[in-house]
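In: Predicted coordinates and the sequence they were generated for:
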Amino acid sequence: MDEPERKLRDARELRALAHPVRMRLCQALYERGTATATELAEMVGESPANCSWHLRQLAKYGFVEEAGGAKGRNRPWRPVPRALSWGDGDETGEVAAASDALSAQYTEQEFAGLRDWLAWRRTDPPEWQDAANWVQNVDWLTAEELKELNEALIAIVTRHRERRDPAERPLGARRVRIFAWAVPAEPYAED
């Protein structure tokens with residue numbers, strides 16, 4: 001069972017996660033379950049030494065951990081399965097800047113994934129092409145309705161979270177990018 005949500009409130013931990021290589025390492029570990037730095041290097045296109053260094057930085061802040069069972073280059077790592085949150089409205093200064101940097105890095109990663117899919121989607125079987133979709137809408141909501149909508153989106157997006165464990169994945173399942181947001185369309189202005 002996953003741990004309760006972890007709220008990131010320290011600029012150092014936010015910056016530790018905001019690094020592009022570290023984000024790819026975390027994603028690769030969630031996909032694989034456990035892996036050595038050498039195996040991860042092949043997955044993310046970095047050197048084993050660089051991956052090992054970044055894994056130690058992620059472990060320092062509790063995002064990954066050693067899986068045990070080996071030492072040195074054969075040491076396996078695993079993700080720490082925990083929902084993360086950051087970006088509260090009361091953040092200021094260094095924490096707000098680090099939080100914004102992490103949000104920007106996540107957004108860029110997801111848009112890059114969408115651009116990649118648009119480039120190769122026609123190579124997928126028709127049933128996968130037809131199952132994939134996106135939706136766009138602009139609506140008028142109160143702050144309470146916006147919060148309710150985002151809670152519903154989170155529930156939908158995370159309903160298969162147990163499948164981060166490779167043993168829980170059904171036959172034929174593929175890794176699918178899910179990225180949703182519901183945010184105001186323009187800056188706040190008093191009426």
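Out: Received it, and whenever you're ready, just let me know what you need. Numbers count the residues shown, from 1 in each chain.
In: State the distance from the closest residue in space to Asp165 that isn't next to it in sequence to Thr158.
Out: Excluding its sequence neighbours, the residue lying closest to Asp165 (C-beta to C-beta, 6 or more residues apart in numbering) is Gly33, at 6.6 Å. Placement of C-beta: from N, CA and C, glycine included. Note on Gly33: its distance to Thr158, by C-beta to C-beta, to the nearest Å, is 18 Å.
In: Have a look at those two and say which one is more surrounded.
Out: Per other C-beta atoms under 10 Å, whichever of Gly33 and Thr158 has more neighbours is Gly33, with 15 against 12.
In: The more buried one against Arg163, yeah?
Out: No. Using C-beta atoms under 8 Å as the test, Gly33 is too far from Arg163 to be in contact (10.9 Å).
In: Which helix runs longest in this structure?
Out: Ranked by number of residues, the top helix in the chain under DSSP state H is helix 93-120.
In: by contact count, what packs against that helix?
Out: Identification of packing neighbours for helix 93-120 by 3 or more C-beta pairs under 8 Å, 6 or more residues apart in numbering; DSSP states H and E yields helix 11-17, helix 20-32.
In: which element follows it toward the C-terminus?
Out: Remark: after helix 93-120, the chain's next helix or strand is helix 126-131, criterion DSSP states H and E.
In: What average pLDDT does that next one get?
Out: Taken as a whole, helix 126-131 has an average pLDDT of 93.
In: what does the very next helix or strand once past that helix rub up against?
Out: Later in the chain than helix 126-131, the nearest helix or strand by DSSP H and E is helix 143-157. Counting by C-beta atoms under 8 Å, 6 or more residues apart in numbering, the neighbours of helix 143-157 from elsewhere in the structure are 141, 178, 180, 182, 184.
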